[in-house]
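Engineer: Just a sequence and a predicted model for now, questions to come.
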Amino acid sequence: MRRALLALLLTASPALAETERLSIVANGEIVGSVVADTTGNHTSVDYRVDDNGRGPKHREDLVLGARGVPVEWTVTGTSLMGGPVAERFRRIAGRVTWESQADKGEAPATTSALYILNDDSPWAAGVYARAALAAGGSIATLPGGRVTATKVRTMRVGTTPVTVVRLDGIQLSPDYLMLDAQQRLFATFSATGVAIRTGQEKEAPALLKLGAELEGERVRAISAKVAHRYDVPVRIRNVRILDPRTGTLGISSTVVVMRDRITQVLPGDTAPAPADQLVIDGQGGTLMPGLADMHSHTSLDSGLFYLAAGVTLTRDMGNKNDFLLDLLPRVETGEIAGPHIVPDGFIEGRSPYSARNGIIPDTLDDAMKAVHWYADRGYREIKIYNSFDPDWVKPIAAEAHRLGLGVTGHVPAFSSPDRVIADGYDTIAHINQLMLGWLLDAKDDTRTPLRLTGMARAADLDLASPRVRHTVALMKDHRTALDTTAVILERLMLSRAGTVAEGDAAYLSHMPIGYRRYRQRTFVPLKDAAEDQRYHAAFVKLLDTMKLLHGEGIRLLPGTDDATGFTVQREVELYAKAGIPTADALRLATWSAADYLGDTAARGSIERGKVAEFVLLAGDPTRDVSAIRAPRMVMRAGAIYYPAEIYRALAIEPFAPPPPVTLPTATPPAALGHVGAAYFGAAAHDHVD
């Protein structure tokens, strides 16, 4: 009888509860956490990040069904910049339904597809991986697409045996994670960040190194596959060349390139082509200098996205120093595909809001040493960030200038644009950093999301006011430039839940499902329709400010604070939308950027003797600036890239076909180099996508 009673008690007792904890580690510091409480098939997840004054903070509740596929999943809280999150997925009453910031929909309950959260956490990666592995390595996803889980290696982290899994098909880059022997989530990681089981934080550097190694393998493989190098001249015929200084197209011309240099720019279509040259038919399209992103943060795979979008020059505005210094020579040799990178050295101050890149000095003397560290390694400028002591700016700027470095950055908290201009800034980073000086009080803390939300006040800004005119006069007197990053302000201020933003409409449907849905959200907290209207009015005022500054002769530098390349294209469109002449917008994104960097002897225009860094477009960007959105061919560092090939390798639907290519008839394919021969094939003479 006792045994029967014991059996009854055990049967009736609830499932044992288990708590799993992860720490979010960035730049050697814990900046967030994941706490997951599981009872049976139900898990509650608390996720919060506080990094640089921002970060998601939300709670997930999920119920797992057969083979680890969720049958219910809800998320509530706030997203990166404080916008509300309210997402729900349910499998009930013969239907599967979902609703998120991005969309809502339903499907028959018979589907076994895996729902992909719009607002997820590191915990979700474990759910996705286990479900995909249980389905044989790949599983259809809702609202669309497919996710693939690949076991890439087994190893030990400390004393814990783990399996490393790569997840593809959700975002622009794959996710990497580790599952322990019981398939519990041990870590998620990349080359830049780690979420790791609490108590194992000391292993984070090793995981960062592993993330860089795995991503490096992937990116090197793609780079080798899509780069086409030749040991014969490449003749690009039937093109009209854009002169960025005048914004005009020339007559039909031919450009000849040998490896990475332009050897001839010839009027007309010199026919017949020499038999020992490779010929690309431009089909009457535009050949223009590659675009520049003057506010970039380089990642291992960002170069592929940039090249596919026609971007051949970037200014890196803050990074992990060891990562960037290792990457720069690899990009120049073509081992890692990417644009030419000009590095700026990141210097931040110590505060609870500190960004975790570059160098964070504790004293003015340490800051001086940081300036010398960057100067000795060939950085072009230093970039000062939000928490930097305003009283240090003037001596730091003077020392940077003495060493030949420029000075750029955010306006430090509790300072002002006028003060940093007078103290030695050569460039201000972000148009909101400039405009907030006209909108906020000196006591306002711009280390917080106020540096975004405060922009709503621009709706009432009078651009003829003495405060504005004084700053503009200072910029003219000191020849201070502005890197605008208008596109990121458009995204943060105007993106709205359930809609495709104007700036994303041209490309978003081509993207992986997770990225596509994440773009359809509200980033700023909105109280009501009136506040929504204020943000829209404020963005119009932002564009008016760009037009005002351009008209006053202030140098504008198109930048994005993003790494997809699509935003560079949109930034140029926004210049035109602001009323800046299209010819000027194209010049600012090409020649003027190279001029600011002191590099017009090599870059910024298509001329004999310059490096071959240009883009072939089907259309005429002087008539429609949006023609820059569909490059057919890009040349950079002695290689030809076809964006359609790059996009396919990145699981993105291409935007334009490659141009026709004819192999030399007098030269065996082996003379083309291993990549060219492999791509076109020994018997091929023409390639059309």
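Structural biologist: Here it is on my side, so go on. Numbers count the residues shown, from 1 in each chain.

Engineer: Kindly list the main-chain dihedrals of the spatially closest residue to V127 that is not a sequence neighbour?
Structural biologist: Of all residues not flanking V127 in the chain, P70 sits nearest, at 6.6 Å (C-beta to C-beta, 6 or more residues apart in numbering). Backbone N, C-alpha and C define where each C-beta goes, glycine included. In terms of degrees, to the nearest 10, the main-chain angles of P70 are phi -60, psi 140.

Engineer: ditto for the one 10 residues further on
Structural biologist: With angles defined as degrees, to the nearest 10, L80 shows backbone torsions of phi -50, psi -50.

Engineer: Check what pLDDT it gets.
Structural biologist: Per-residue confidence (pLDDT) for L80: 79.

Engineer: Tell me the spacing between it and R197.
Structural biologist: Separation of L80 from R197 (C-beta to C-beta, to the nearest Å): 24 Å.

Engineer: go on, T448?
Structural biologist: Taking C-beta to C-beta as the criterion, T448 is separated from R197 by 31 Å.

Engineer: When those two are compared, which one has more neighbours?
Structural biologist: Neighbours around T448 and R197, counted as other C-beta atoms under 10 Å, are more numerous at R197. The numbers are 22 against 17.

Engineer: Tell me which helix or strand the residue nearest to that one when sequence neighbours are not counted sits in.
Structural biologist: Of all residues not flanking R197 in the chain, F186 sits nearest, at 5.3 Å (C-beta to C-beta, 6+ apart). If you go by DSSP states H and E, F186 is part of strand 185-189.

Engineer: how about the CA coordinates for that strand, as PDB?
Structural biologist: Output of strand 185-189 as PDB, limited to C-alpha atoms (Å, rounded to 0.1, in the frame of the first residue of the first chain):
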ATOM      1  CA  LEU A 185      21.900  26.300 -24.600                       C
ATOM      2  CA  PHE A 186      25.500  26.900 -23.400                       C
ATOM      3  CA  ALA A 187      26.300  30.000 -25.400                       C
ATOM      4  CA  THR A 188      25.500  32.100 -28.500                       C
ATOM      5  CA  PHE A 189      28.400  34.000 -30.000                       C
END
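
Engineer: Do me a favour and average the pLDDT over that strand.
Structural biologist: For strand 185-189, mean pLDDT rounds to 96.

Engineer: ditto for stretch 416-436
Structural biologist: Mean pLDDT, stretch 416-436: 98.

Engineer: likewise stretch 630-649?
Structural biologist: Across stretch 630-649, the average pLDDT comes to 97.

Engineer: Give me the number of neighbouring residues for S121.
Structural biologist: By the measure other C-beta under 10 Å, the count of residues near S121 is 27.

Engineer: Look at the closest residue to it other than its chain neighbours and tell me its secondary structure.
Structural biologist: Nearest residue to S121, sequence neighbours excluded (C-beta to C-beta, 6+ apart): Y47, at 3.8 Å. For Y47, the secondary structure call by DSSP: H, G, I helix; E, B strand; the rest coil comes out as strand.

Engineer: so the residue nearest to V127 makes contact with E60?
Structural biologist: No: P70 is not in contact with E60 according to C-beta atoms under 8 Å; the separation is 10.0 Å.

Engineer: Of the two, which one has the most company?
Structural biologist: For P70 versus E60, the count of surrounding residues by other C-beta under 10 Å is larger for E60: 26 against 22.

Engineer: Next, the contact list for H42, please.
Structural biologist: Listed by C-beta atoms under 8 Å, 6 or more residues apart in numbering, the contact set of H42 reads 61-64.

Engineer: and M635, what are its phi and psi?
Structural biologist: phi -120, psi 140.

Engineer: quick revisit: I'd like to know which elements the strand holding F186 is packed against.
Structural biologist: Based on contacts counted as 3 or more C-beta pairs under 8 Å, 6 or more residues apart in numbering; DSSP states H and E, the elements that strand 185-189 packs against are strand 17-26, helix 122-134, strand 160-168, strand 175-180, strand 194-197, helix 204-226.

Engineer: just how off-centre is that strand within its chain?
Structural biologist: Distance of strand 185-189 from its chain centroid, counting by C-alpha atoms, centre = their mean, to the nearest Å, is 23 Å.

Engineer: Let me know the angle separating it from strand 175-180.
Structural biologist: Compare the direction of strand 185-189 with that of strand 175-180 by axes from the mean of the first three to the mean of the last three C-alpha atoms, to 10 degrees and you get 160 degrees.

Engineer: Note down every partner strand of strand 185-189 and its orientation.
Structural biologist: Listed by DSSP bridges, the sheet partners of strand 185-189 and their directions read strand 175-180 (antiparallel), strand 194-197 (antiparallel).

Engineer: Report the inter-axis angle for it versus strand 160-168.
Structural biologist: Comparing the axes of strand 185-189 and strand 160-168 via the same axes, to 10 degrees yields an angle of 50 degrees.

Engineer: tell me the angle strand 185-189 makes with helix 204-226.
Structural biologist: Using the same axes, to 10 degrees: strand 185-189 against helix 204-226 is 60 degrees.

Engineer: Distance across stretch 388-406, terminal residue to terminal residue?
Structural biologist: By C-alpha to C-alpha, to the nearest Å, the extent of stretch 388-406 from end to end equals 17 Å.

Engineer: what's in contact with that stretch?
Structural biologist: The set of residues that contact stretch 388-406 without belonging to it, under C-beta under 8 Å, 6+ apart, is 345, 347-349, 364, 367-368, 371-372, 374-375, 379-382, 384, 407, 409, 412-415, 419-420, 423-427.

Engineer: mind listing what's buried in it?
Structural biologist: 388-390, 392-393, 396-397, 399-400, 405-406 (16 or more other C-beta atoms under 10 Å).

Engineer: can you redo these as CSV with secondary structure?
Structural biologist: As requested, the buried residues of stretch 388-406 are arranged in CSV below (three-state DSSP):
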residue, secondary structure
F388, coil
D389, coil
P390, helix
W392, helix
V393, helix
I396, helix
A397, helix
E399, helix
A400, helix
L405, coil
G406, strand
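
Engineer: I'd assumed H510 was in contact with Y647.
Structural biologist: Yes: with contacts counted by C-beta under 8 Å, Y647 reaches H510, the gap being 7.5 Å.

Engineer: if you count what's nearby, which of these two comes out ahead?
Structural biologist: Taking Y647 and H510 together and counting by other C-beta under 10 Å, Y647 has the greater number of neighbours (21 against 14).

Engineer: show me the contacts for that one.
Structural biologist: For Y647, the set of contacting residues under the criterion of C-beta under 8 Å, 6+ apart consists of 308, 510, 653-655.

Engineer: what about it, which helix or strand?
Structural biologist: Secondary structure assigned from DSSP H and E places Y647 in helix 643-649.

Engineer: try D544
Structural biologist: When elements are defined using DSSP H and E, D544 is found to belong to helix 529-551.

Engineer: For that helix, buried residues please.
Structural biologist: Of the residues in helix 529-551, those buried under the neighbour-count criterion (16+ other C-beta under 10 Å) are 532, 534-535, 538-539, 541-543, 545-550.

Engineer: Great, nothing more from me.
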